[in-house]
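Colleague: below are the sequence and a predicted model; questions follow.
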Amino acid sequence: CPPCMKLHEDIFAQPAFAAFAKDNLVAVELDFPRRKELDPAIAAQNKELAQKFNVEGFPTLVLLSPEGKELARRVGYFPG
């Protein structure tokens, strides 16, 4: 979706974020494309994780502690 692509372009694709994430995060990106087909195993995995983390809109960012406790959630794209 356009907001997901904008989030990727503005944040995830930036070298500063990549450097920070490399040492501080375990990033997981799920894709739910409308115009292309995913491998069935990946699509099933994405659906399971979307249900587990209660994804109701795109993009959804969920920050978890090392123990798996949800620390923060943001739905939608917000500039900056």
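Modeller: Perfect, thanks for sending it.

Colleague: can you tell me how far the spatially most central residue of the chain is from Cys4?
Modeller: Nearest to the mean C-alpha position of the chain, by Cα atoms, centre = their mean, lies Glu29 at 4.1 Å. Note on Glu29: its distance to Cys4, by Cβ to Cβ, to the nearest Å, is 9 Å. Glycine gets a C-beta too; all of them are placed from N, C-alpha and C.

Colleague: got it, and Arg74?
Modeller: Distance, Arg74 to Cys4, using Cβ to Cβ: 13 Å.

Colleague: am I right that Arg73 falls within a strand?
Modeller: Yes: counting by DSSP: H, G, I helix; E, B strand; the rest coil, Arg73 is located in a strand.

Colleague: on that earlier part again, which of Arg74 and Cys4 has more neighbours?
Modeller: Ranked by neighbour count (other Cβ atoms under 10 Å), Arg74 and Cys4 place Cys4 first, with 17 against 12.

Colleague: contacts for stretch 61-68, please.
Modeller: 53, 70-75 (Cβ atoms under 8 Å, 6 or more residues apart in numbering).

Colleague: model confidence over the lengthiest helix in the chain, on average?
Modeller: Taking DSSP state H as the criterion, the chain has its longest helix at helix 40-52. Average pLDDT, helix 40-52: 92.

Colleague: quickly run through the sheet partners of whichever helix or strand comes after it, with directions.
Modeller: Going down the chain from helix 40-52, the next helix or strand is strand 60-64, by DSSP states H and E. Partners of strand 60-64 in the sheet, by DSSP bridges, are strand 70-75 (antiparallel).

Colleague: quick one: the strand it pairs with to chain centroid distance?
Modeller: Counting by Cα atoms, centre = their mean, to the nearest Å, strand 70-75 is centred 11 Å from the centre of its parent chain.

Colleague: got the contact list for it?
Modeller: Residues outside strand 70-75 that contact it (Cβ under 8 Å, 6+ apart): 53, 56-57, 59-65.
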